[in-house]
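> Based on what follows, work out the 3D shape:
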Amino acid sequence: MSSSLPSPMQCVIPDTPLGAARAGIDACVHCGFCLQACPTYLALEDENDSPRGRIVLMRSMVEGTLPTTDIDVRTHIDRCLGCRACETACPSGVPYGQLLEATRATLTAERPNPFVARAILFAFARQPLMKLAMLGGRVTRALRISKLFARLPGRLGFSMAMLESTRSPIERMPYTPRSDGTRGTATILTGCVMEGLFSETNRATERTLAANDYTIVATQGQRCCGALHAHAGDAETARALARANVEAFEKSGADVIAVNAAGCGAMMKEYGHILAADPAWHARAVAMADRVRDVSELLAAAGPKPGGELKLTVTYDAPCHLLHAQRVATPPLRVLAAIPGLTLVPLQGSEHCCGSAGIYNLVEPDVSNRVLVPKLANIADTRASLVATGNPGCLMQIGAGMHQAGMTARAVHPVDLLDASYGARER
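Prediction:
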């Protein structure tokens, strides 16, 4: 009887990240369950732009039937959003996210990323440049330049709309959280974009955790999490940033590390994999990763405590790296359910990617927009005034899309809503 399983590969690129990941390729049985979960396959209707098709390309490079320098291969790999929805759909447990990162690391060794991607990655790996870029964004926003240019077509207009969407859409009353510390100590990943453009959300994260009896401690020396670099194939920089964060968060001594950016949380929970080949750091990375929690997980574990009434209609869009990578589904909904007066409207296709994917919307704007369009249509159908989502890229992508489409709805982090509810309770 013949088997439908692929035969073991003869690897012609053994000393590459992709060659080392060939066991993951073997796990794929090409069943096709991933197809309807894949946003680029649904948008482009090309088998090569599906997880199954991309794995065939990966296998072909490993076996030598396609060279790693093939331009068409690079095109189809670059078009992947890395949303990992295929992992949720896959019955065979294919580690597609790891395969994608290994493939990109192999391909970028042959041919560098586009200039825009290299410039962004260079800046985010260097704190002075990253802070300068974030300062420039805040100044542009404060001077209303982003609002002026947000309706322009093309990449510039969408970038300005993204920046404009970082303005907080809700008002909140100041309050002083009361914590008895019974839930232990928590430290916050301040992040790059979160602290640079969503600092109010970081402060709201600290307040809501304290209001739910966590004691907040600071972590000095933390860096960019490295997710952008890993996803773009810059594995060495990703590892260097991971080591810096492992050391910094070890020194904090906190029981848990709270992350309010889904992409960053997914990356940090996988530091053990990122540093698997580094015997000096692997065990430390695993131990640190075990302490990482999305902020919604911590708040849900505490209840969370109910706040004051907010009469708002809200819909929730699940960030891909929270739902599919971290497999965190219900905690954000429990956070929203703790807000009296809030009406939560289901969003069709909440599990599908919005097209942000880190810097994807800047380097692949056309495909990103094709993925975003059905998301915006589904949001419009809810008639909600706010879209809650827990990742800065998603907040900016969805917010920019709604702004350019002339929609009145705004994007907001779930923690900001809970924080506003706690402020309303103190009136």
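> From here on, just use CA atoms for contacts and neighbour counts.
Noted.
> Sticking with residue 146, tell me its helix or strand.
In the assignment (DSSP states H and E), residue 146 maps to helix 145-149.
> buried set for that helix?
146-147, 149 (16 or more other CA atoms under 10 Å).
> what do you get for stretch 193-210?
193-199, 201-210.
> Show residues contacting that stretch.
131, 134-135, 137-138, 166, 168, 176-179, 181, 188, 190, 215-216, 260-261, 295, 298-299, 392, 413, 415-416, 418-419, 422 (CA atoms under 8 Å, 6 or more residues apart in numbering).
> These, buried ones only, as a ChimeraX selection?
Only the buried entries of the contacts of stretch 193-210 go into this ChimeraX selection, using 16+ other CA under 10 Å:
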select :131,134,137,138,166,168,177,179,188,190,215,216,260,261,295,298,299,392,413,415,416,418,419,422
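> Just the ones of the contacts of stretch 193-210 in strands?
Among the contacts of stretch 193-210, the ones falling in strands (DSSP state E) are 188, 215-216.
> I'd like those laid out as CSV, including distance to residue 116.
Shown next, in CSV, are the ones in strands among the contacts of stretch 193-210 (distance: CA to CA, whole Å):
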residue, distance to residue 116
188, 29
215, 40
216, 37
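> closest to residue 242 among those?
Nearest to residue 242 out of these is residue 188 (CA to CA; 15.7 Å).
> Let me know whether that closest one touches residue 214 as I believe.
No - judged on CA atoms under 8 Å, residue 188 makes no contact with residue 214 at a distance of 11.4 Å.
> Redo the buried residues of helix 145-149 as CSV? Include distance to residue 364.
Output for those, formatted as CSV (distance: CA to CA, whole Å):
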residue, distance to residue 364
146, 21
147, 23
149, 20
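> how about the strands of the stretch 101-250 of the chain, start to end?
185-188, 215-217 (DSSP state E, counting those that start in this stretch).
> Oops, could you answer that again for the stretch 251-400 of the chain instead?
So, for the stretch 251-400 of the chain - with DSSP E, counting those that start in this stretch - the strands run 256-259, 292-294, 313-316, 343-345, 386-388.
> Quick one: distance of the second one to the chain centre.
Averaging C-alpha coordinates over strand 292-294 and over its chain gives two centres that are 13 Å apart (CA atoms, centre = their mean, to the nearest Å).
> Could you spell out the sheet neighbours of it, each with its direction?
Under the criterion DSSP bridges, strand 292-294 sits next to strand 256-259 (parallel) in its sheet.
> Give me the pLDDT value at the closest residue to residue 141 other than its chain neighbours.
Spatial nearest neighbour of residue 141, chain neighbours left out: residue 164 (6.3 Å); criterion: CA to CA, 6 or more residues apart in numbering. pLDDT, residue 164: 96.
> Check the one 10 residues further on too.
In the predicted model, residue 174 carries a pLDDT score of 89.
> What is the burial count for it?
13 (other CA atoms under 10 Å).
> so how far is residue 145 from it?
Note on residue 174: its distance to residue 145, by CA to CA, to the nearest Å, is 29 Å.
> can you give me the helices for the stretch 301-427 of the chain?
All helices of the stretch 301-427 of the chain, identified by DSSP state H, counting those that start in this stretch, fall at 320, 331-337, 360-363, 365-382, 392-404, 414-425.
> Against which helices or strands is the longest one packed?
Other elements packing on helix 365-382 under the criterion 3 or more CA pairs under 8 Å, 6 or more residues apart in numbering; DSSP states H and E are helix 39-44, helix 360-363, helix 392-404.
> between it and helix 392-404, how big is the angle?
Computed by axes from the mean of the first three to the mean of the last three CA atoms, to 10 degrees, the angle separating helix 365-382 from helix 392-404 equals 70 degrees.
> Can I get helix 365-382 as PDB, trimmed to CA atoms?
Taking Å, rounded to 0.1, in the frame of the first residue of the first chain, the C-alpha atoms of helix 365-382 are listed here in PDB:
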ATOM      1  CA  PRO A 365       1.300  47.400   0.600                       C
ATOM      2  CA  ASP A 366      -0.800  46.000  -2.200                       C
ATOM      3  CA  VAL A 367      -1.300  42.500  -0.700                       C
ATOM      4  CA  SER A 368      -1.700  44.000   2.700                       C
ATOM      5  CA  ASN A 369      -4.600  46.200   1.500                       C
ATOM      6  CA  ARG A 370      -6.300  43.300  -0.200                       C
ATOM      7  CA  VAL A 371      -6.200  41.400   3.100                       C
ATOM      8  CA  LEU A 372      -7.500  44.500   5.000                       C
ATOM      9  CA  VAL A 373     -10.500  45.200   2.700                       C
ATOM     10  CA  PRO A 374     -12.800  42.300   3.900                       C
ATOM     11  CA  LYS A 375     -11.800  43.100   7.500                       C
ATOM     12  CA  LEU A 376     -13.100  46.700   7.200                       C
ATOM     13  CA  ALA A 377     -16.300  45.500   5.600                       C
ATOM     14  CA  ASN A 378     -16.900  43.100   8.500                       C
ATOM     15  CA  ILE A 379     -16.200  45.900  11.000                       C
ATOM     16  CA  ALA A 380     -18.700  48.200   9.200                       C
ATOM     17  CA  ASP A 381     -21.300  45.500   9.400                       C
ATOM     18  CA  THR A 382     -21.100  45.500  13.300                       C
END
